[in-house]
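Chemist: Quick one: sequence and predicted model below, then my questions.
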Amino acid sequence: MVSLQAIWRHPDDLYPMVKLKLAARRAEKQIPAEPHWAFCYSMLHKVSRSFALVIQQLDTDLRDAVCIFYLVLRALDTVEDDTSIATEVKVPILMAFHRHIYDPEWHFSCGTKDYKVLMDEFHHVSTAFLELGNGYQDAIEDITMRMGAGMAKFICKEVETIDDYDEYCHYVAGLVGLGLSKLFHASGKEDLASDTLSNSMGLFLQKTNIIRDYLEDINEIPKSRMFWPRQIWSKYVNKLEDLKYEENSVKAVQCLNDMVTNALVHAEDCLNYMSALRDPAIFRFCAIPQIMAIGTLALCYNNIQVFRGVVKMRRGLTAKVIDRTKTMADVYGAFYDFSRMLKSKVDDADPNAKKTKENLEAILKICRDSGTLSQRKSYIIQSKPQYNATLIAVIFIILALLLAYQSAIRPTNICTIWKVPYVIVVNV
């Protein structure tokens, strides 16, 4: 829920939030009538509403392929994430998952809530998969096979070194980048991007998620599953869970900054990948999550709240990013501003300060060399909000219209008005 106080502090968030809310409703109304496709798109809206909104802009055949690709990998991830499944049961399922997607009768009960429904009724996904073109099917099968094998490997293996960390992130996210590049190419809309650049697109998102979700993951029941590499955290504490204790706050922040510095090395590849995209819808599909990632890293850096609760971009800013990211100039501007924001937080006494600044300067240089920074929008970094009588009047008119609309379709609940979906940083 977004409070009226938040809107008052950032009044220019309101318009993009309203647009996003209306766009989400339009997307929900475009769900196909066929039972299996209706299930797939309805499930997509439930497990990732913002992802559903972004892919709705893609052309039909590519949209269907990306929808199924996401649901297949989300189902695979549900098996991996369910810590109640015995290893001897889980590993064979992960290894064979790429074959199950061809079987309309196969399903496996695991997970919770909407993810359990996805697994129980997975036959709908398989039925839809079998209707995709051969190029799309081949790409999805290949990535599912490689990802399942990688997940199975790390069920029995700890993330000890930075190389292990990169390998794990490759299996669960880098391969997503490779798969999407294959789908874009199969659609005829893009050249096939290199594996290196595609991999970095996934790693940048995945490492951001792993950093941001420390507390949620360490407190997971029945047991935690953590992917911060021992090679990094052991420099600061004896046990990974020690980072969440107040007496270790200084070391925890230093470790956090080390992790963020590691993630930043992928930003250059991401910018190079996005700059080569030609199709506007594919570009937005790729660019919005990447901007959210650099923004989240800027918020997490040097922030002890990562170990106390949830650190995330405000919903209004998320709505702005979704609404206004249209060209590579927008991406360069966002990366430039968020990198400057992060750089301003670097303490020279931090053990990794020099490396952090080097990584940031590399990003800033690419953005400056693009020659587009004069075109960047100032909504990313915002200081004191500006008010005027006209803007305040418009805010209250829009609120009144929204309340009237809500009353016309169901009993008014001010909380429901501001349930704006977050953009996805795919975590599969």
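Modeler: That came through fine. Numbering: from 1, shown residues only.

Chemist: Only C-alpha atoms from now on, for both contacts and neighbour counts.
Modeler: Fine.

Chemist: so where's the stretch 301-428 of the chain uncertain?
Modeler: 377-428 (pLDDT under 70).

Chemist: make it 50
Modeler: Counting by pLDDT under 50, the stretch 301-428 of the chain has low-confidence residues at 381-385, 411-428.

Chemist: same question, the chain
Modeler: Using pLDDT under 50, the flagged stretches of the chain are 1, 381-385, 411-428.

Chemist: How much space separates V72 from M145?
Modeler: Separation of V72 from M145 (C-alpha to C-alpha, to the nearest Å) stands at 11 Å.

Chemist: Compare neighbour counts for those two and give me the winner.
Modeler: More crowded of V72 and M145, by other C-alpha atoms under 10 Å: V72, with 26 against 16.

Chemist: who are the neighbours in contact with M201?
Modeler: 174, 177, 266, 269-270, 273, 290 (C-alpha atoms under 8 Å, 6 or more residues apart in numbering).

Chemist: Which of the residues in the helix or strand containing S249 are classified as buried?
Modeler: Using DSSP states H and E, S249 sits in helix 249-264. Residues of helix 249-264 classed as buried by neighbour count (16 or more other C-alpha atoms under 10 Å): 249, 251-264.

Chemist: what do you get for stretch 300-317?
Modeler: Using 16+ other C-alpha under 10 Å as the test for burial, stretch 300-317 gives 300-307, 311-313, 315-317.

Chemist: Let's see which of those residues end up in helices.
Modeler: With helices taken from DSSP state H, the overlap with those comprises 300, 315-317.

Chemist: which one among the residues you listed gets closest to I221?
Modeler: C300 (24.2 Å; C-alpha to C-alpha).

Chemist: residues contacting the closest one?
Modeler: Shown in contact with C300 (C-alpha under 8 Å, 6+ apart): 211-212, 306, 311.

Chemist: Kindly reformat these as CSV containing distance to G150.
Modeler: Output for the contacts of C300, formatted as CSV (distance: C-alpha to C-alpha, whole Å):
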residue, distance to G150
I211, 21
R212, 23
V306, 28
V311, 29
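
Chemist: ok, which pair from those is furthest apart?
Modeler: Across those, no pair lies farther apart than I211 and V311, at 10.1 Å, counting by C-alpha to C-alpha.

Chemist: Helices of the stretch 51-200 of the chain, start to end?
Modeler: Here the stretch 51-200 of the chain has its helices, by DSSP state H, counting those that start in this stretch, at 60-81, 87-100, 113-120, 123-129, 134-155, 162-169, 175-186, 195-212.

Chemist: Using TSV, please lay out these together with distance to S42.
Modeler: Shown next, in TSV, are the helices of the stretch 51-200 of the chain (distance: least, C-alpha to C-alpha, whole Å):
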stretch	distance to S42
helix 60-81	11
helix 87-100	21
helix 113-120	10
helix 123-129	11
helix 134-155	20
helix 162-169	28
helix 175-186	21
helix 195-212	25
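
Chemist: Just tell me which of those ends up closest to K223.
Modeler: It's helix 60-81; of the helices of the stretch 51-200 of the chain, that one is closest to K223 (C-alpha to C-alpha) at 10.6 Å.

Chemist: List the buried residues of the closest one.
Modeler: Neighbour counts over helix 60-81 (16+ other C-alpha under 10 Å) mark 62-81 as buried.

Chemist: what's the answer for stretch 38-55, then?
Modeler: Applying 16+ other C-alpha under 10 Å to stretch 38-55 flags 38-45, 47-55 as buried.

Chemist: what's the answer for stretch 192-204, then?
Modeler: 192-193, 195, 197-204.

Chemist: export the residues you listed to JSON lines and tack on distance to L342?
Modeler: Compiled in JSON lines, those are given as follows (distance: C-alpha to C-alpha, whole Å):
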{"residue": "L192", "distance to L342": "33"}
{"residue": "A193", "distance to L342": "29"}
{"residue": "D195", "distance to L342": "28"}
{"residue": "L197", "distance to L342": "23"}
{"residue": "S198", "distance to L342": "25"}
{"residue": "N199", "distance to L342": "24"}
{"residue": "S200", "distance to L342": "20"}
{"residue": "M201", "distance to L342": "20"}
{"residue": "G202", "distance to L342": "21"}
{"residue": "L203", "distance to L342": "19"}
{"residue": "F204", "distance to L342": "16"}
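
Chemist: Widest-spaced pair of these?
Modeler: L192 and F204 (19.5 Å).

Chemist: on that earlier part again, which member of the contacts of C300 is positioned nearest I155?
Modeler: Using C-alpha to C-alpha, I211 comes nearest to I155 of those, at 19.9 Å.

Chemist: What number of residues are in the vicinity of that closest one?
Modeler: Other residues close to I211 by other C-alpha under 10 Å number 23.

Chemist: same question, S374
Modeler: The number of residues packed near S374 is 9, by other C-alpha under 10 Å.

Chemist: From A298, how far off is it?
Modeler: S374 is 22 Å from A298, by C-alpha to C-alpha.
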